[in-house]
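Asks: Predicted structure and sequence below. I'll ask about it afterward.
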Amino acid sequence: MFTSRIAGIGHHVPDRIVTNDDLSQLMDTSDDWITERTGIKERRFFDHTQDTVGNMGAKAAKMALERANLKTSDVEFIVFATITSDYYFPGSGVLLQRELGLEGIGAMDIKNACSGFIYATSVADQFIKTGMYKTILVVGAEIQSTALDLSDRGRSTAVIFGDGAGAIVLQRSEEKNKGVLSSHLHADGRFAEELYVKDPGSSRPHEERQADVITKTSGFKVHMNGNLVFKHAIVKFHEVILEALEANNSSINDIDLLIPHQANLRISSYIQDKLGLTDEKVYNNIMHYGNTTAASIPIAMSEAWQEGKIKEGTLLCIAAFGSGFTWASALIRF
Ligand code: UT7
């Protein structure tokens with residue numbers, strides 16, 4: 001039986017920093033409100049002249065490959081998590097494949113929002129464990145700033161989201177009790193419309209053709225029932241972390257580092273307190289990037305690795321909750 005180890009981690013964020021004060025020039029909000037309610041101080045917005053979801057993902061992937069001492073040509077498959085693909089179709093996985101010059105290898109997109117990166121890791125893990133591939137790129141990347149309503153009307157969602165990309169290289173190993181130990185995936189579609197972008201959706205009357213809908217104000221905009229999402233998030237994060245521990249006969253004290261999806265610092269703090277973890281054991285960088293959806297966990301993993309918080313032997317737990325609703329966790333031994 002093979003295991004899949006994380007051979008390298010990388011990330012890339014756009015250069016443009018947008019502070020809370022910058023947003024308060026555009027809408028009725030303030031640095032105090034955003035900091036107190038979310039912990040966010042700044043986020044990155046892409047530059048349309050140079051950044052795409054595919055090429056930011058490729059930059060993160062190249063960093064991950066370099067850190068893994070692997071060549072691009074070693075990659076056999078790509079799993080790309082994003083809800084903001086460059087085109088409505090095809091997905092951005094094929095664009096990243098083109099950027100890397102890997103014509104011919106398989107590439108798939110996963111559209112599971114904040115849980116997308118964990119779902120993608122789990123898919124790649126299964127391909128490796130069954131022996132189908134030896135080296136897989138798992139990428140999470142988003143450009144969300146184009147879907148934000150940067151006016152007073154959109155202030156409750158616009159202030160929390162940002163752009164960025166993160167990647168890991170998963171590689172076949174035969175070392176037992178190392179790598180992705182388990183992953184746990186959940187969804188509850190009854191809540192699909194509590195956090196969603198409705199258009200361009202396909203199931204519309206013919207008179208509401210996509211081309212027309214997208215030009216109207218109701219077009220490509222995020223709708224989020226923030227309070228409800230928050231309430232479900234704090235319950236499901238906790239449950240799915242405990243599920244991962246139980247599946248591995250581990251206790252909370254065994255975890256060296258928890259990286260929760262960076263949705264809101266208040267959610268992370270609540271989970272930390274509930275689990276009784278010290279500050280050193282929970283990694284947060286939402287202050288700098290906001291919520292980058294599928295990119296948030298790999299960006300945080302990459303920075304944690306750079307800071308020496310992930311090293312040989314580290315037991316890492318990653319967990320996420322978001323649109324769908326979907327939620328997920330994984331336990332990883334480095
Ligand atoms: O990763 C995907 C999953 N998403 C999440 O996990 C998000 C979960 N939810 C949240 O993080 C929070 O619900 C938000 C940060 C989105 C909102 O925080 P909140 O503490 O739930 O605020 P609220 O929506 O209850 O709004 C409180 C007040 C309202 O005013 P009134 O009605 O009390 O007068 C809002 O109109 O704050 C007002 N408000 C703002 N004020 C200044 C809402 N947005 C803003 C803003 N600036 N940007």
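Replies: Noted; the coordinates are in hand.
Asks: Can you name the residue of the chain nearest to the ligand?
Replies: With Cβ to the nearest ligand atom as the measure, residue 226 is the residue of the chain nearest to the ligand, at 2.8 Å. From N, CA and C alone the C-beta is placed, and that goes for glycine too.
Asks: Quick check: closest non-adjacent residue to that residue.
Replies: residue 156 (5.7 Å; Cβ to Cβ, 6 or more residues apart in numbering).
Asks: Quick check: pLDDT value at the one you found.
Replies: Looking at residue 156, its pLDDT reads 93.
Asks: Go ahead and confirm it touches residue 225.
Replies: No: counting by Cβ atoms under 8 Å, residue 156 stays clear of residue 225, with 9.7 Å between them.
Asks: Distance check, the residue nearest to residue 226 against residue 44.
Replies: Distance, residue 156 to residue 44, using Cβ to Cβ, to the nearest Å: 20 Å.
Asks: so who does the closest residue to residue 131 other than its chain neighbours touch?
Replies: Spatial nearest neighbour of residue 131, excluding adjacent residues (Cβ to Cβ, 6+ apart): residue 2 at 6.1 Å. Shown in contact with residue 2 (Cβ atoms under 8 Å, 6 or more residues apart in numbering): 128, 129, 131, 172, 173, 174.
Asks: cool, and residue 85?
Replies: Residue 85 touches 53, 91, 92, 109, 111, counting by Cβ under 8 Å, 6+ apart.
Asks: What is the burial count for the second one?
Replies: Meaning residue 91. Using other Cβ atoms under 10 Å, the number of residues around residue 91 comes to 22.
Asks: That one touches residue 81, doesn't it?
Replies: No: counting by Cβ under 8 Å, residue 91 does not reach residue 81; the two are 9.9 Å apart.
Asks: hey, what's in contact with both of these two?
Replies: Contacts common to residue 91 and residue 81, judged by Cβ under 8 Å, 6+ apart, are 109, 111.
Asks: quick one: stretch 310-317 to chain centroid distance?
Replies: Centroid separation for stretch 310-317 versus its chain: 19 Å, with Cα atoms, centre = their mean, to the nearest Å.
Asks: can you check stretch 256-272 too?
Replies: Distance, centroid of stretch 256-272 to centroid of chain: 13 Å (Cα atoms, centre = their mean).
Asks: So that stretch, near the ligand or not?
Replies: Yes: using Cβ under 6 Å from any ligand atom, stretch 256-272 reaches the ligand at 263, 264, 267.
Asks: how many other residues sit next to residue 237?
Replies: 25.
Asks: quick one: pLDDT of residue 279?
Replies: 97.
Asks: do residue 210 as well
Replies: 64.
Asks: Could you tell me the phi and psi values at the closest residue to residue 334 other than its chain neighbours?
Replies: Nearest non-adjacent residue to residue 334, counting by Cβ to Cβ, 6+ apart: residue 314, 4.5 Å away. As for residue 314, its main-chain torsions (degrees, to the nearest 10) stand at phi -60, psi 130.
Asks: give me every residue that touches residue 314.
Replies: Per Cβ under 8 Å, 6+ apart, neighbours of residue 314: 256, 257, 333, 334.
Asks: In this structure the last one contacts residue 309, no?
Replies: This means residue 334. No: counting by Cβ under 8 Å, residue 334 does not reach residue 309; the two are 10.7 Å apart.
Asks: Nice, that's everything, thank you.
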